[in-house]
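> following is a predicted model, sequence given first.
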2 protein chains.
Amino acid sequence: MAAIAARWSSPARLHPLTRRRLRFSASFSSVMAVPASAGFGWADALRVAGDVGRGDESDLSGYFRQVQICNRGMDKKGEFVKFLVEGQVVGYIHKGFVEHLRDFHDVFTIVSGNNGSNTVENVSLHSSLRTPEDKTHAIGDVIKSLGEMIPGIRNELYPVTSSYGMPSYFSLERAAAPYFGIKAYGVHMNGYVEKDGQKYLWIGKRSDSKQTYPGMLDHLVAGGLPYGISCKENIIKECEEEAGIPRSVSTNAISVGAISYMDIEGFRYKRDVLFCYDLKLPDDFVPNNEDGEVDSFRLIPVVHAANIIQRTDFFKPNCNLVIIDFLFRHGYINPDCHGYLDLLEGLRSGDCS
Amino acid sequence: MAAIAARWSSPARLHPLTRRRLRFSASFSSVMAVPASAGFGWADALRVAGDVGRGDESDLSGYFRQVQICNRGMDKKGEFVKFLVEGQVVGYIHKGFVEHLRDFHDVFTIVSGNNGSNTVENVSLHSSLRTPEDKTHAIGDVIKSLGEMIPGIRNELYPVTSSYGMPSYFSLERAAAPYFGIKAYGVHMNGYVEKDGQKYLWIGKRSDSKQTYPGMLDHLVAGGLPYGISCKENIIKECEEEAGIPRSVSTNAISVGAISYMDIEGFRYKRDVLFCYDLKLPDDFVPNNEDGEVDSFRLIPVVHAANIIQRTDFFKPNCNLVIIDFLFRHGYINPDCHGYLDLLEGLRSGDCS
């Protein structure tokens, strides 16, 4: 616990970071922040989790804080220009990042203002790139050339569309999606158990060797939605790989809605939409990670998970939103709590299309 | 069934009526519209309900149609001006209706443009009305004076706020809320039963003598949210009155989110937010209406209720949205259906605050 710095969040910090003014005036509890190395263990998490009755149940401020953490930098939207494909906006690119694309004349067309200045107006693909394959390969080569400008290459292609379910214009390396402000889609699943009328959530702790968010708390199952696979098939695949859930069980996972956020940091503009799933598991089910990405799992009461979300930054940030959505749908957050509707809307702060 | 006219909805009609362009291109099935007298019986409803396998399950167009029906007249927003109280926008009043308020100099202050024209800019309350009671009484008297301009007076007061949970500026007769474009809040509950892994919804048929939507299908329990009662207490009260559900059972109703819509018709601007509840009922429970507002109840498979929504206008319009929300949360509508995210967003087309 010594490695975890306690800090105070000021209510004033909330305002610019959600789509609308948050009209609640709750006082803030001290929050345990997680350093980059996620220096906490299950013992730390479970201590916070079980410390019930300390706070005011109707105080939603800890949840608002998580919405805020996933929706940073909205005041910096003006630093980005539209990325157009076939006349449709598919993303947003930082003006600084555009400068790194200038050398690739045969891939990108960079339109500047008419007023003699060099102000970039938008970026589109060169007209010589006709087929989706042409575009995919050309941009793939650019991404390779940019090297460490875009870290964490996964060799996983995401479809680029104007909105979900529309035909894909081309495919893009997953790690590059935020640099082009492409919307990315994922599937996140809460696995839960019901015993004697009380609900419990299966929570994973990410492997310390994972490239992103090592050691942090996670859902039972989650994954990006790559090109060419349906949500249902993807959740079944991830259930198998991440938690050893056989198809006979995972086929009972039900879709329950979606959350979205938009997060700007430096040149990166994340625009994520997560399809949310619930899977009610048998009492005696025990998950078993098969791809080495999860260190261990624990089954904890839903109210304990809520405690962790409210008081720490132990969860991978976007998981908080999906669990808050679960809390809404299962009656753990109710309309008599001040800020209910604002928080509900906050779960879809991004372009959810 | 002879009394029910079949009609075709054209996809083109959808566009202006949802907040964003609906990006789906499903073909439309024929829809059974309900005349004002709701000339249909249970036999008609159950015939449509049970006619499964006729349509394409992934075709969401019938649901989009219901969103559209609850969100009419968005192109007429310009005919309304802001209604301000203490500098906050609490509603919108039609310019034509403002003319009927001009005689009440000591109640309303009507601000016109500076350009010499008589264009109304906004309406506020006269500064002499200081306390909430002053305002409530003064506007109550105006509403009485207007007589048949505002039909269906219920003698039920709604709180007037800028958003839910904020202090009330004054209280307003429920029937008058749409004439002042005041946001109105309600609680709607889906009562369901689970047998052998299949879910069933309890559906009510409104009394033929009910003032609004006589004879139409309805939730098990629903009601407006009057001044001075919490959502939880209201749902418990309505459970008792509308369906004879004792407190020992209704206390298990869980809040699951909210839907919203905004509907313009003539001078009326409805801005409703409905808090949604689910109540899982025992297999052997049978509802019993105690206030004479419901003719009868039936328990039908959820997929049958979905059929009725998709193919008819038998449900009271806003009930469709609350059941569609249920369909989302219980996995009956899934992300692999074209238009999933648009429909999900469509359920909160109104100002949900």
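Great, that's in hand.
> all contacts plus neighbour counts: C-alpha atoms, from now on.
OK.
> chain B contacts on the stretch 151-300 of chain A?
Applying CA under 8 Å from any CA of the partner chain, one finds that the stretch 151-300 of chain A approaches chain B through A:164-165, A:230-232, A:254-258, A:275.
> and the residue of the stretch 151-300 of chain A found nearest chain B, what element?
Residue of the stretch 151-300 of chain A nearest chain B, by CA to the nearest CA: A:V256 (4.0 Å). Taking DSSP states H and E as the criterion, A:V256 maps to strand A:254-265.
> could you list the buried residues of the helix or strand hosting A:K237?
For A:K237, the host element (DSSP H and E) is helix A:231-243. Across helix A:231-243, burial judged by 16 or more other CA atoms under 10 Å in any protein chain shown covers A:231-232, A:234-243.
> which outside residues touch it?
A:187-189, A:220-223, A:225, A:245-247, A:250-251, A:275, A:287-291, A:293-294, B:335-336 (CA atoms under 8 Å, 6 or more residues apart in numbering or on different chains).
> just after it, pick out the following helix or strand.
Downstream of helix A:231-243 (by DSSP H and E), the next one is helix A:247-250.
> which strands and helices sit next to that next one?
Counting contacts by 3 or more CA pairs under 8 Å, 6 or more residues apart in numbering or on different chains; DSSP states H and E, helix A:247-250 packs against helix A:231-243.
> okay, angle between the helix it packs on and strand A:254-265 too, please.
Computed by axes from the mean of the first three to the mean of the last three CA atoms, to 10 degrees, the angle separating helix A:231-243 from strand A:254-265 equals 80 degrees.
> dig out what A:S296 forms beta bridges with.
Beta-bridge partners for A:S296, by DSSP bridges, are A:K205.
> let me know how buried the closest residue to A:H94 other than its chain neighbours is, in neighbour terms.
Distance criterion CA to CA, 6 or more residues apart in numbering or on different chains; nearest residue to A:H94, sequence neighbours excluded, is A:F80 at 4.1 Å. The tally of other residues near A:F80 (other CA atoms under 10 Å in any protein chain shown) stands at 24.
> repeat that for A:V89.
Counted with other CA under 10 Å, A:V89 comes out at 17.
> do the one 5 residues further on as well
The tally of other residues near A:H94 (other CA under 10 Å) stands at 25.
> quick one: contacts for it?
Contacts of A:H94 by CA under 8 Å, 6+ apart are A:79-81, A:179, A:267-268.
> show me where chain A has helices.
Using DSSP state H, the helices found in chain A span residues A:42-50, A:61-70, A:95-101, A:132-146, A:231-243, A:247-250, A:302-311, A:317-329, A:340-346.
> and the last one, what's its mean pLDDT?
To tie it back to what came earlier, the one meant is helix A:340-346. The predicted model gives helix A:340-346 an average pLDDT of 98.
> and what of the longest one?
Across helix A:132-146, pLDDT averages out at 97.
> show the pLDDT at the residue lying closest to A:L125 once chain neighbours are set aside.
Counting by CA to CA, 6+ apart, A:F108 is the residue found nearest to A:L125 once chain neighbours are left out, at 4.6 Å. We have a pLDDT of 98 for A:F108.
> ok, now how distant is A:F108 from chain B?
According to CA to the nearest CA, to the nearest Å, A:F108 and chain B sit 28 Å apart.
> what number of residues lie near that residue?
The number of residues near A:F108, taken as other CA under 10 Å, comes to 21.
> shouldn't it be in contact with A:N122?
No. Distance between A:F108 and A:N122: 10.3 Å, which falls outside the contact criterion (CA atoms under 8 Å).
> which stretches of chain A have low pLDDT?
For chain A, applying pLDDT under 70 flags the ranges A:1-30, A:33-37, A:53-55, A:115-117.
> 50 instead?
For chain A, the stretches with pLDDT under 50 are A:1-29.
> so which residue is smack in the middle of it?
A:N318 (3.9 Å; CA atoms, centre = their mean).
> pull the contacting residues for the residue lying closest to A:V187 once chain neighbours are set aside.
Distance criterion CA to CA, 6+ apart; nearest residue to A:V187, sequence neighbours excluded, is A:F275 at 4.8 Å. Residues in contact with A:F275 (CA under 8 Å, 6+ apart) are A:185-188, A:231, A:255-259, B:335.
> mind giving me JSON lines with those and columns for distance to A:L146?
As requested, the contacts of A:F275 are exported to JSON lines (distance: CA to CA, whole Å):
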{"residue": "A:Y185", "distance to A:L146": "24"}
{"residue": "A:G186", "distance to A:L146": "26"}
{"residue": "A:V187", "distance to A:L146": "29"}
{"residue": "A:H188", "distance to A:L146": "31"}
{"residue": "A:C231", "distance to A:L146": "31"}
{"residue": "A:S255", "distance to A:L146": "38"}
{"residue": "A:V256", "distance to A:L146": "39"}
{"residue": "A:G257", "distance to A:L146": "37"}
{"residue": "A:A258", "distance to A:L146": "33"}
{"residue": "A:I259", "distance to A:L146": "32"}
{"residue": "B:P335", "distance to A:L146": "35"}
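> which among those count as buried?
A:185-188, A:231, A:255-259, B:335.
> which one of those residues is nearest to A:I308?
A:H188 (18.4 Å; CA to CA).
> test my guess that the closest one contacts A:D218.
No. Applying CA under 8 Å as the test, A:H188 and A:D218 come out as separate, 9.7 Å apart.
> name the residues contacting each of those two.
A:C319.
> A:S124 contacts A:H105, correct?
No. A:S124 is beyond contact range of A:H105, at 11.1 Å (criterion: CA under 8 Å).
> thought the residue nearest to the centre of chain A was touching A:C70?
Yes. Between A:N318 and A:C70 there is a contact under CA under 8 Å: 6.4 Å.
> one step back: okay, A:S124 and A:H105: which has more neighbours?
A:S124 (19 against 11).
> report the separation between the more buried one and chain B.
Distance of A:S124 to chain B, given as CA to the nearest CA: 22 Å.
> quick check: nearest residue in space to that residue, chain neighbours excluded?
Leaving aside its sequence neighbours, A:S124 sits nearest to A:L84 (CA to CA, 6+ apart; 4.8 Å).
> with A:G96 instead?
For A:G96, the spatially nearest residue (CA to CA, 6+ apart) is A:F267, at 7.1 Å.
> ramachandran coordinates for that neighbour?
A:F267 adopts backbone torsions of phi -80, psi 0, taken as degrees, to the nearest 10.
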